[in-house]
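# Here's a sequence, model it:
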Amino acid sequence: MADTAQSLDGLEPKKILLAQYDPQDRRFARFFLDLIGGYQVLEAATGMDVIKLLKHKPDLIVLDTAAQGNFLRALEIIRRNKVLKNIPVAIYSNEQKRLPECIKRGADGFIVKPSPPAAFLGKVWKLLGSESQKTATAVGFANKYKRDLQEIDNLPTLPTVYAEVDRLCKNPDVSSEELSKVIETDPSISLKLLSLANSAFFGFSRQIKSVHDAISLLGNKTVQNTILNIAVFEATKGLDGSKGFDKNAFWLHSAGVGSAARELSKKLKIDREEAFTAGIVHDMGKIILDALYTDFYEEVIQKVKGGGISIFAAEEEIIGLHHGQIGKELCESWDLPTELTEAVSYHHRPKSSEKDTEIASLVNLGDHLARKFGVGSGGDDLVPEPAPGALQRLNVTVEQLDEWESDIQKAIDRDQSILSTLKG
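Model prediction:
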């Protein structure tokens, strides 16, 4: 039968990546797929194995909702990878109640256990067939139920006070009274705003005693960015991740990048009030990958610990996604300003930035300097060279960066103290 399958295609037999929790189900599926269907079967025992076997470019993936190793997270990763997004994925499970969840994650078919051999193979064939056949499964997987993945499942949300502040700040004539009333509805955020306003970060000579005074002295834009910094820490406070990812070192690095970008903007006489905030959020994709895709990210961290590879490259190699991509989705779900989304998406490759190469370039150079000074950890010990496109866009030389190192280091040291306020 296998010879028949090959001769019909005139090519190698199609590959099916089979991931099943129960050994009996796995043997059943492999028997009919391999010996009767004529397909080449790749077996996965864990979600991480699924990701590793994707390099063999399977024509179909068959997942089990009951399997260990977070198979549905593997499905999310597959659907976010542009190279893999067109590979059909079938869910072979007896948990029919999880059908809506599987649809949301991007599955193309649901094969109910137990399934007669003919029916099982028939559904596999339909999924490997034309576009019209892909959705013709026995459980009515019609196109009207399918939807693109618009959001990451269990993505953290920002405190509502930031959304309201952001909305008000879209009006250039909004009064400090209106803003202060909104901010004061959240006592914790109000206290943190006052603490930051009185810190060396802003350097005011007199004490600021009210939210209204803070807004009057700082200005709406600076207050908006400060509230966002606080909100980011509030939103991610409850995220659990792997033991190998050091969140304290991560935040030290992020703040260091923000401080370096902020100081660089001053040196270059560029008015970018959001430079520090861009540094705070630039690597947010890492904390999301670690928290929501822990099984897969642990292997990324182990790969990095082996040495000689950046966390960015390890992410692309092992899970096919990098933190810039996930970070962009996070920014879009939070409806952050375009400039921050650009910094998150393109800080590794600022020349590719679509709308704001300047802020992406500031963060790129800030990341270089923070890593060079050993501030916290971006996930690996490598110090990337400044992107040529960033130097060109900002009209700055490596020699100038060297001259400014002392001042930038002092700015980073000064600003590290605000982390205790942000994280508190």
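
# In the chain, what helix or strand scores lowest on average pLDDT?
Sorting the helices and strands of the chain by mean pLDDT, DSSP states H and E puts helix 131-134 at the bottom, at a mean of 33.

# now the helix or strand that that helix is followed by: how far from the chain's centre is it?
Downstream of helix 131-134, the next assigned helix or strand under DSSP states H and E is helix 160-169. Its chain's average C-alpha position is 23 Å from that of helix 160-169, according to Cα atoms, centre = their mean, to the nearest Å.

# and the following helix or strand past helix 160-169, how far out from the chain's middle?
Next helix or strand after helix 160-169 toward the C-terminus (DSSP H and E): helix 176-183. From the chain centre to the centre of helix 176-183 is a distance of 32 Å (Cα atoms, centre = their mean).

# again with stretch 325-339
Here stretch 325-339 is found 9 Å from its chain centre; the criterion is Cα atoms, centre = their mean.

# contact partners of that stretch?
The contact list for stretch 325-339, computed with Cβ atoms under 8 Å, 6 or more residues apart in numbering, reads 80, 151-152, 155, 157-158, 163, 166, 228, 274, 278, 281-286, 288-289, 340-341, 344-345, 355-356, 359. Every C-beta, even on glycine, is put in place using the N, C-alpha and C of the backbone.

# what about it, how long is it end to end?
15 Å (Cα to Cα, to the nearest Å).

# How about stretch 284-302?
Terminal residues of stretch 284-302 lie 20 Å apart, using Cα to Cα.

# buried set for that stretch?
Within stretch 284-302, the residues that qualify as buried are 284-301, counting by 16 or more other Cβ atoms under 10 Å.

# Check which residues of stretch 384-394 are buried.
Pro386, Ala387, Gly389, Ala390, Leu391, Arg393, Leu394.

# Any chance of a markdown table for these, columns pLDDT, secondary structure and distance to Leu54?
As requested, these are exported to a markdown table (pLDDT from 0 to 100; DSSP: H, G, I helix; E, B strand; the rest coil; distance: Cβ to Cβ, whole Å):
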| residue | pLDDT | secondary structure | distance to Leu54 |
| --- | --- | --- | --- |
| Pro386 | 96 | coil | 33 |
| Ala387 | 95 | coil | 29 |
| Gly389 | 94 | helix | 31 |
| Ala390 | 96 | helix | 32 |
| Leu391 | 96 | helix | 36 |
| Arg393 | 96 | helix | 35 |
| Leu394 | 96 | helix | 38 |
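
# of the residues you listed, closest to Arg105?
Nearest to Arg105, judged by Cβ to Cβ, of the buried residues of stretch 384-394 is Ala387 at 34.7 Å.

# residue contacts, that closest one?
Going by Cβ under 8 Å, 6+ apart, Ala387 touches His348, Arg349, Pro350, Lys351, Ser361, Asn364.

# Turn these into TSV, including pLDDT, distance to Leu330 and secondary structure.
Formatted as TSV, the contacts of Ala387 follow (pLDDT from 0 to 100; distance: Cβ to Cβ, whole Å; DSSP: H, G, I helix; E, B strand; the rest coil):
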residue	pLDDT	distance to Leu330	secondary structure
His348	92	16	coil
Arg349	91	18	coil
Pro350	94	19	helix
Lys351	91	23	helix
Ser361	97	21	helix
Asn364	97	19	helix
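
# ok, of those, which come out buried?
Looks like the contacts of Ala387 have His348, Pro350, Ser361, Asn364 buried, using 16+ other Cβ under 10 Å.

# of all those residues, which two lie farthest apart?
For the buried ones among the contacts of Ala387, the farthest-apart pair by Cβ to Cβ is His348 and Ser361; their separation is 11.3 Å.

# which of the contacts of Ala387 sit farthest apart?
His348 and Ser361 (11.3 Å).
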